[in-house]
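*Asks:* fold the following.
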Amino acid sequence: MTNLFNIGDLVRVGDALPPGHIRTPMFLRGCKGTIIKHFGSFPNPERLAYGLNGLPKINLYQVLFEMDEAWDGKGDYADGDTITADIYETWLEAV
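*Replies:* Residues are numbered from 1 along each chain as shown. Take a look at the predicted model:
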């Protein structure tokens with residue numbers, strides 16, 4: 001399986017609201033971040049949750065977000081604070 005993204009790529013998290021078992025934090029949907037790590041490829045957990053085999057495997061990335069991007073300025077955090085999340089490639093698009 002080839003990687004869709006590389007370390008340093010700017011991505012946006014999909015903003016979909018599909019029903020069912022979803023592994024992507026709601027507060028990060030639609031946010032832009034930067035790929036900082038590729039963990040490898042794994043069976044799709046959103047398919048495994050329904051008893052399917054999870055294939056084909058999909059890549060899992062760690063994405064870095066600025067807190068202002070994630071919380072739109074509505075929170076108690078310092079300038080320059082960041083947050084990371086592990087997000088599967090099916091939820092990411094290139095920016």
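*Asks:* longest single strand anywhere in this protein?
*Replies:* Longest strand of the chain, by residue count under DSSP state E: strand 32-42.
*Asks:* parallel or antiparallel, list what pairs with it.
*Replies:* strand 10-13 (antiparallel), strand 58-66 (antiparallel) (DSSP bridges).
*Asks:* quick one: buried residues of the shortest one?
*Replies:* For strand 10-13, burial by neighbour count (16 or more other CB atoms under 10 Å) applies to 11, 12, 13. C-beta: built from backbone N, CA, C; applies to glycine.
*Asks:* which residues touch that strand?
*Replies:* With CB atoms under 8 Å, 6 or more residues apart in numbering as the test, strand 10-13 has contacts from 5, 24, 28-35, 61, 63, 87, 91-95.
*Asks:* show the buried residues in those residues.
*Replies:* 5, 24, 28, 31-35, 61, 63, 87, 91-92.
*Asks:* ok, so of the residues you listed, who is nearest residue 74?
*Replies:* Lowest distance from residue 74 to the buried ones among the contacts of strand 10-13 (CB to CB) belongs to residue 31, with 13.2 Å.
*Asks:* once you drop chain neighbours, what's closest to that closest one?
*Replies:* Take residue 31 and drop its neighbours on the chain: the residue closest to it by CB to CB, 6 or more residues apart in numbering is residue 69, 5.0 Å away.
*Asks:* equivalent analysis for residue 44, please.
*Replies:* Sequence neighbours aside, residue 54 is the residue nearest to residue 44 in space, at 4.7 Å (criterion: CB to CB, 6+ apart).
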